[in-house]
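*Asks:* I'll drop the sequence and a predicted model, then ask my questions.
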Amino acid sequence: MADDDLGHGITVVDTGFQRPFFDASYLLVENGRAAFVDTGTFFSVPNLLAALEAKGLRPGSVDHVIVTHVHLDHAGGAGELLRRLPAATLVVHPRGARHMIDPSQLWAGATAVYGEQAMRLCYGEVVPVPRERVIEAPDGFRLEFAGRPLLFLDTPGHARHHFCVWDERSRGMFTGDTFGLSYPELASPKGAFVLPTTTPVQFEPDALEASIDRLLGFAPQAMYLTHYSRVTGVARLAATLRRQIRQLVALARAEDGRPERGRRLRAGVEQLFLAWALEHGTPLPVPTVRELLALDVELNAQGLEAFLDRDRR
Ligand SMILES: [Zn+2]
């Protein structure tokens, strides 16, 4: 299990989902109390509990499990984790709460994207969270976590059930998927390599750009991405994300209405991703980059198709 101390009482825990350095959970420790931000899946729970134990903390020391949004690589493990943490409450976006209490719709939605067999294999199961343990965090909600204020910001664009969490103590933002993805393998001397995520079914480019602008308004020193870990030099990354979002939307609109739209979109997304990685000076050979981004190519293309279809209606 990879885990890494990032200072300010923040530890990144590899959830083990998909591959190493793909999907993170964050363990926050303050005054002997703990909180998790994002959980990975059902299968990630042992990693998270091991990280807690490595800090000398017991399950009863965890006050909160915070999920940035209810996509299963972020929140799929929340119910099982809460079952192991007797004192913890779940903090979730108001639009996501009912899906944590009754995950059947969430499961069905993800099954439509991934298929039943992959669901069992990748996600295991989603354990319902008892309603009385759920705290809904609307925009502007402040959580006093053991004397460490956390501020919740409604940040649509990737998903309508997404918030980001401002941590004044570290001047850092827990961004879930709103501030894109950054796989550490693709970093170069220029710094982190970042990509937006347009995954199905609620990608809204204008809202996403507005959310990124809002995050930047806090002048964060670091962003804590779920995929994967901390990035700095936030203003440069934000400018890159804005440009990339516009290019992806332009690609989608150009392919709309043409034959074999899906296949052409996948090819186009891959071409853009590879071009951006090369332009960034990513040190890896092209086949390795292609392999690392294959899942994102597929999901981003699917999300752009959903966006086009929604846009037309
Ligand atoms: Zn997501």
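*Replies:* The structure has been received and is ready for your questions. Note that the coordinates shown come from a computational prediction; the quantities given were computed from them, not determined experimentally. Numbers count the residues shown, from 1 in each chain.

*Asks:* so residue 237: helix, strand or coil?
*Replies:* Here residue 237 is recorded as helix under DSSP: H, G, I helix; E, B strand; the rest coil.

*Asks:* could you do the one 3 residues further on as well?
*Replies:* Secondary structure of residue 240, reduced to three states by three-state DSSP: helix.

*Asks:* ok, residue 22 next?
*Replies:* Quick answer, by three-state DSSP: residue 22 is coil.

*Asks:* next, count neighbours for the residue of the stretch 101-250 of the chain found nearest the ion.
*Replies:* Proximity of the stretch 101-250 of the chain to the ion (C-beta to the ion) peaks at residue 177, 3.9 Å away. To be clear about C-beta, it is placed using only N, CA and C from the backbone, and glycine gets the same treatment. When neighbours are defined as other C-beta atoms under 10 Å, residue 177 has 26 of them.

*Asks:* switch to numbering from 82
*Replies:* Understood, numbering begins at 82; the last thing we discussed is residue 258.

*Asks:* I'd say it and residue 244 touch.
*Replies:* No: counting by C-beta atoms under 8 Å, residue 258 does not reach residue 244; the two are 11.4 Å apart.

*Asks:* okay, and the common contacts of these two?
*Replies:* 149, 150 (C-beta atoms under 8 Å, 6 or more residues apart in numbering).

*Asks:* what segments of this structure are helices?
*Replies:* Taking DSSP state H as the test, the helices found in the chain are 126-135, 153-156, 159-165, 178-182, 185-195, 197-204, 286-297, 315-336, 342-361, 367-393.

*Asks:* ok, the last one near the ion or not?
*Replies:* Spelled out, it's helix 367-393. No: shown here: helix 367-393 not in contact with the ion (C-beta under 5 Å from the ion), separated by at least 9.1 Å.

*Asks:* for that helix, what is the distance to the chain centroid?
*Replies:* Averaging C-alpha positions (C-alpha atoms, centre = their mean, to the nearest Å) puts helix 367-393 16 Å from its chain's average.

*Asks:* tell me which parts of the stretch 132-281 of the chain are close to the ion?
*Replies:* So far as C-beta under 5 Å from the ion goes, the stretch 132-281 of the chain lies against the ion at 152, 258.

*Asks:* if we can go back for a sec, quick check: which of the helices of the chain is buried the most?
*Replies:* helix 153-156 (a mean of 27; mean count of other C-beta atoms under 10 Å).

*Asks:* in the protein, where is pLDDT below threshold?
*Replies:* 82-84, 394 (pLDDT under 70).

*Asks:* how about a cut-off of 80?
*Replies:* Applying pLDDT under 80 to the chain flags the ranges 82-84, 194, 392-394.

*Asks:* what's the burial count for the closest residue to the ion within it?
*Replies:* Per C-beta to the ion, residue 152 is where the chain lies closest to the ion, at 3.5 Å. For residue 152, the neighbour count with other C-beta under 10 Å is 25.

*Asks:* any idea how far residue 206 is from the nearest residue to it once chain neighbours are set aside?
*Replies:* In this structure, residue 152 finds its nearest non-sequential neighbour in residue 240, 6.5 Å apart by C-beta to C-beta, 6 or more residues apart in numbering. Distance of residue 240 to residue 206, computed by C-beta to C-beta, to the nearest Å: 21 Å.

*Asks:* compare neighbour counts for the two and give me the winner.
*Replies:* residue 240 (27 against 15).

*Asks:* surely the more buried one is in contact with residue 148?
*Replies:* No: with contact defined as C-beta under 8 Å, residue 240 does not reach residue 148; the gap is 11.3 Å.

*Asks:* does the residue of the chain closest to the ion touch residue 258 like I think?
*Replies:* Yes: counting by C-beta under 8 Å, residue 152 does reach residue 258; the two are 7.2 Å apart.

*Asks:* pull up the overlap in contacts between these two.
*Replies:* Contacts common to residue 152 and residue 258, judged by C-beta under 8 Å, 6+ apart, are 240, 280.

*Asks:* residue contacts, residue 174?
*Replies:* Residue 174 neighbours (C-beta under 8 Å, 6+ apart): 150, 151, 217, 218, 235, 242, 243, 244.

*Asks:* list only buried entries from those residues.
*Replies:* Buried members of the contacts of residue 174, counted by 16 or more other C-beta atoms under 10 Å: 150, 151, 218, 235, 242, 243, 244.

*Asks:* show me what contacts residue 280?
*Replies:* Applying C-beta under 8 Å, 6+ apart, the residues near residue 280 are 152, 239, 258, 380, 381, 383, 384.

*Asks:* and those, which two are furthest apart?
*Replies:* 258 and 383 (14.6 Å; C-beta to C-beta).

*Asks:* distance-wise, check the nearest residue to residue 120 once chain neighbours are set aside relative to residue 366.
*Replies:* Leaving aside its sequence neighbours, residue 120 sits nearest to residue 158 (C-beta to C-beta, 6+ apart; 3.9 Å). For residue 158, the distance to residue 366 (C-beta to C-beta) stands at 34 Å.
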